[in-house]
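Enquirer: no sequence for this one, just the structure:
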DNA sequence: AATGATGTTCCATTATTTGGAACATAGTTG
DNA sequence: CAACTATGTTCCAAATAATGGAACATCATT
């Protein structure tokens, strides 16, 4: 329910996107009334904005008068998804790693100090593109994030972490740029980053960095598992496999990752 | 390359979406220059629109100065995809039907007189979510479309077809509401609709309707195949399987399809 | 150094968005 | 059933944001 109230001065567009965001993020069906509560605009105004979004096919109204993201997004989704060269190249390697480990595999890239998840391979999941995909997490408390950072020069890491509000999610969360930096050396030496229950209690992971030669795309992949079922030793046993998967992906990457490489 | 120039009078929003659409649809990387060619707005104006989209995270600019859909878009797209209850319920059944037939399976819903494709299961396709997904076709010349129509009362069918511009894609394309209606009876009787090379020469399909009890969501699924490889007799042999898949999906559908059923 | 192509900024004019209030439509309760 | 309340929809003068043309900047090429 925590809404990020940043004032992009993108005028009309920003407000339209805020509506979409509110509907996308909500776990419960949003009717018009619910929107008026969380959007803070006069009813008349909001109504027209929603109408426009409906007309453009970006929103849809359901039988129960709740809104959901429109079919127009499906089209865009299909395009964005299938034309993301990075994701596409990585996919078979993610699947292979999943076969090997039986655990959840994540692929993510760094945007500033955030990790954006591009793909996920999960066990019992017939459906691809799970909720996590497209979402973001801070880089300082995730395996993929720290792995990605390790591919950047220290100065760049400091720059990216300087404006970050460190949130102590668990007792092991790193809470300062210095703490992150000191781990980065180990990651560079070993080629693997760990998330030791730093984001969610009971969940840990092992990751490895994936990046283009020119560092225009920097990210990583990870094997994530619940601690109760998978001990650290088992994660460590997968270290080389994770690195190899990352290496295999990088060998297929073009130097410059264009939009549809 | 054919762009649909419909003038939704959604003001600013419509123009922004037009830019997104141009970038999403293009098969080649779009730089700023390319946008000015296909958008028909003064450079200054277009530049600001793009800037706003960039700031909102809906667009991204690549190292080679080309644009692609931004991570914010991935988020929305992923939500729209995974929260589409209809698609989600249908997916395993589509896969099963694909296993059985070895041919391409489509899932689509009717919006007015258009079929919007929600999902597709294809053979050699490691990647799901192909280009076709999210696109639309006329209902009068597709199996899914005619199947969907058959679930509606005749009056509704006539209403939906009344404003349609019938386009004779092939020699077998139905080109009038009457022609469609007269086929509808057969479809209702048999439970299957055929596309007999009515949209594309050399391609035919067999479909069955899928719909909610209250007809708030009406669509269908189909097995599509090239004529040279799959004769009509083979399609007919799958008739019961297609109907059964449709039936199985409908049994899982809630009466009212909420946004995240 | 000059040229042309592409990308960016600026600002008076123009057109769109805004917000409040009035209207409409359920749904609820005394 | 009538009065009431919550919700959804429409309207229009006032406020605001988008427009477009031209000037400026940047870059590659000759």
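Expert: Ah, there it is. Because the structure is predicted, anything quoted here is derived from the model rather than measured. Numbers count the residues shown, from 1 in each chain, chains lettered A, B, ... in the order given.
Enquirer: So what's the residue count around the closest residue to DNA strand C within chain A?
Expert: Nearest residue of chain A to DNA strand C (Cβ to the nearest atom of the strand) works out as residue A:44 at 2.4 Å. From N, CA and C alone the C-beta is placed, and that goes for glycine too. Neighbours of residue A:44 under the rule other Cβ atoms under 10 Å in any protein chain shown: 8.
Enquirer: and it, how far is that from residue A:30?
Expert: Going from residue A:44 to residue A:30 by Cβ to Cβ, to the nearest Å gives 18 Å.
Enquirer: Next, residue A:183: secondary structure please.
Expert: helix (DSSP: H, G, I helix; E, B strand; the rest coil).
Enquirer: That one: what's it in contact with?
Expert: Residues in contact with residue A:183 (Cβ atoms under 8 Å, 6 or more residues apart in numbering or on different chains) are A:146, A:174, A:193.
Enquirer: Next, the contact list for the last one, please.
Expert: Going back to what we said before, that points to residue A:193. Contacts of residue A:193 (Cβ under 8 Å, 6+ apart): A:143-144, A:146-147, A:150, A:183, A:187, A:206-209, A:220.
Enquirer: Up against DNA strand C, what does the stretch 51-200 of chain A have?
Expert: Contact residues (Cβ under 7 Å from any atom of the strand) of the stretch 51-200 of chain A with DNA strand C: residue A:52.
Enquirer: Kindly report the residues of the stretch 51-200 of chain A close to DNA strand D.
Expert: Counting by Cβ under 7 Å from any atom of the strand, the stretch 51-200 of chain A comes close to DNA strand D at A:51, A:65.
Enquirer: where in the stretch 51-200 of chain A is pLDDT low?
Expert: For the stretch 51-200 of chain A, the stretches with pLDDT under 70 are A:81-84, A:123-131.
Enquirer: Taking it, what residue is nearest to chain B?
Expert: For the stretch 51-200 of chain A, the residue closest to chain B is residue A:75, as judged by Cβ to the nearest Cβ, at 2.7 Å.
Enquirer: For that residue, give its distance to residue B:88.
Expert: 18 Å.
Enquirer: just to revisit the earlier point, quick one: contacts for the spatially closest residue to the residue of the stretch 51-200 of chain A closest to chain B that is not a sequence neighbour?
Expert: Of all residues not flanking residue A:75 in the chain, residue B:134 sits nearest, at 2.7 Å (Cβ to Cβ, 6 or more residues apart in numbering or on different chains). The contact partners of residue B:134, by Cβ under 8 Å, 6+ apart, come to A:71-79, B:116-118.
Enquirer: I'd like to know which of those are part of strands.
Expert: The members of the contacts of residue B:134 that map onto strands under DSSP state E are B:116-118.
Enquirer: quick one: contacts for residue A:246?
Expert: With contacts defined as Cβ under 8 Å, 6+ apart, residue A:246 is in contact with A:208-210, A:220-221.
Enquirer: ok, residue A:73 - contacts?
Expert: Under the criterion of Cβ under 8 Å, 6+ apart, the contact list for residue A:73 reads A:58, B:76-77, B:79-81, B:134.
Enquirer: Among the residues you listed, name the buried ones.
Expert: The neighbour-count criterion (16 or more other Cβ atoms under 10 Å in any protein chain shown) marks A:58, B:76-77, B:79-81, B:134 among those as buried.
Enquirer: any idea how chain A splits into domains?
Expert: Here the domain parsing of chain A from automatic domain parsing is A:11-76, A:83-252.
Enquirer: So what's the gap between stretch A:202-209 and the chain middle?
Expert: Averaging C-alpha positions (Cα atoms, centre = their mean, to the nearest Å) puts stretch A:202-209 14 Å from its chain's average.
Enquirer: Residue B:109: which of the contacts of residue A:246 is nearest?
Expert: Among those, residue A:221 lies closest to residue B:109 (Cβ to Cβ), at 35.2 Å.
Enquirer: give me the number of residues near that closest one?
Expert: Using other Cβ under 10 Å, residue A:221 has 28 other residues around it.
Enquirer: Also residue A:99?
Expert: Counted with other Cβ under 10 Å, the neighbours of residue A:99 add up to 10.
Enquirer: would you turn the ones in strands among the contacts of residue B:134 into CSV with distance to residue B:243?
Expert: CSV is the format used below for these (distance: Cβ to Cβ, whole Å):
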residue, distance to residue B:243
B:116, 22
B:117, 20
B:118, 19
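Enquirer: out of those, which touch chain A?
Expert: Counting by Cβ under 8 Å from any Cβ of the partner chain, B:116, B:118 from the ones in strands among the contacts of residue B:134 sit close to chain A.
Enquirer: Make a PyMOL selection of the buried ones in the ones in strands among the contacts of residue B:134.
Expert: In PyMOL, a selection of the buried entries from the ones in strands among the contacts of residue B:134 looks like this (16+ other Cβ under 10 Å):
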select buried, chain B and resi 116+117+118
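Enquirer: which one of the ones in strands among the contacts of residue B:134 sits closest to DNA strand D?
Expert: residue B:116 (22.3 Å).
Enquirer: Now the closest residue to residue A:74 other than its chain neighbours: phi and psi?
Expert: Setting aside the residues directly before and after it, residue A:74 is nearest to residue B:134 in space (Cβ to Cβ, 6+ apart), at 4.0 Å. Backbone geometry at residue B:134, expressed as degrees, to the nearest 10, gives phi 90, psi -20.
Enquirer: Over to residue A:45. Which of the three states is it?
Expert: helix.
Enquirer: From residue A:186, how far off is it?
Expert: According to Cβ to Cβ, residue A:45 stands 53 Å off from residue A:186.
Enquirer: ok, back up a step: who wins on neighbours among the contacts of residue A:246?
Expert: Within those, neighbour counts (other Cβ under 10 Å) peak at residue A:220, which reaches 32 neighbours.
Enquirer: residue contacts, it?
Expert: Counting by Cβ under 8 Å, 6+ apart, residue A:220 touches A:107-108, A:143-145, A:147-148, A:193, A:207-210, A:246.
Enquirer: try 6 Å
Expert: Residues counted as contacts of residue A:220 (Cβ atoms under 6 Å, 6 or more residues apart in numbering or on different chains) are A:144, A:147-148, A:207, A:209-210.
Enquirer: Just the ones in helices from these, please.
Expert: Residues of the contacts of residue A:220 located in helices (DSSP state H): A:144, A:147-148.
Enquirer: Which residue, neighbours along the chain excluded, lies closest to residue A:150?
Expert: Closest to residue A:150 by Cβ to Cβ, 6+ apart is residue A:187, at 4.1 Å.
Enquirer: and that neighbour, that one's in a strand?
Expert: No. Using three-state DSSP, the assignment for residue A:187 is helix, not a strand.
Enquirer: Distance-wise, check it relative to DNA strand D.
Expert: For residue A:187, the distance to DNA strand D (Cβ to the nearest atom of the strand, to the nearest Å) stands at 34 Å.
Enquirer: my guess is that residue contacts residue A:151, does it?
Expert: No. The criterion here is Cβ atoms under 6 Å, and residue A:187 misses it with residue A:151 at 9.3 Å.
Enquirer: hey, where'd the strands end up in the stretch 51-200 of chain A?
Expert: Remark: strands assigned in the stretch 51-200 of chain A by DSSP state E, counting those that start in this stretch are A:59-61, A:67-69, A:104-111, A:114-121, A:136-138, A:193-196.
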